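Participant: Need a 3D model of the following:
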Amino acid sequence: MDIKKSIIVVFCLYLPIKSFTQTTLEEYNYVTKGYKIQIESGLDMKKGYEFIDLGSKEVGTRKAELKALHRIKNNGDKEIAAYMVVYKKQGLKTEYICVPHPESTEEIKLMYAFQLYDFKSNTNSSERLQLIAYLLSEYLIWK
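Facilitator: From the prediction side, this is the model:
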């Protein structure tokens, strides 16, 4: 086999592996919307996935929890698909924030960036961001 064919074969084998490390749009939407529906409706966990609790931080009336969404492969191996921050503040609705894999698409990274800042309200979200940043720096690990 010549060198060009070898490079193409290696590239084709590497490409699917690389794509599996990203957070997909389906996973992003599950973390930000689907998980809430699942919890409220008492539904089972999304097939092929599991959440692992990593830790939490509470400051006054605010609390943030960090969970890792693991993708379970057919052979039973697990990999981190995304992280979820569950942010709660007394008197406000619970927010589900997806922290996507760093190699995810720009579209997903932008969705995450817009979700971090609450554009829907005119209130200062610095307290929210500080708590989330602390939680992420304390527990977040990409392998």
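Participant: Which residue ranges of this protein form strands?
Facilitator: 49-59, 62-72, 78-89, 95-100 (DSSP state E).
Participant: Now do the buried residues in the second one.
Facilitator: Just to be clear, that refers to strand 62-72. Arg62, Lys63, Ala64, Glu65, Leu66, Lys67, Ala68, Leu69, His70, Arg71 (16 or more other CB atoms under 10 Å). Where C-beta positions appear, they are placed from N, C-alpha and C, glycine not excepted.
Participant: same question, stretch 105-116
Facilitator: For stretch 105-116, by 16+ other CB under 10 Å, it's Ile108, Lys109, Met111, Tyr112, Gln115.
Participant: now the first one, nearest residue through space, not along the chain?
Facilitator: Nearest-residue entry for Ile108: Pro100, 4.8 Å, with adjacent residues in sequence omitted and distances by CB to CB, 6 or more residues apart in numbering.
Participant: Likewise for the last one?
Facilitator: Nearest residue to Gln115 in three dimensions, chain neighbours excluded: Ile97, at 5.5 Å (CB to CB, 6+ apart).
Participant: Tyr117 is in contact with that neighbour, correct?
Facilitator: No - the pair Ile97 / Tyr117 is not scored as a contact, 10.9 Å apart, by CB atoms under 8 Å.
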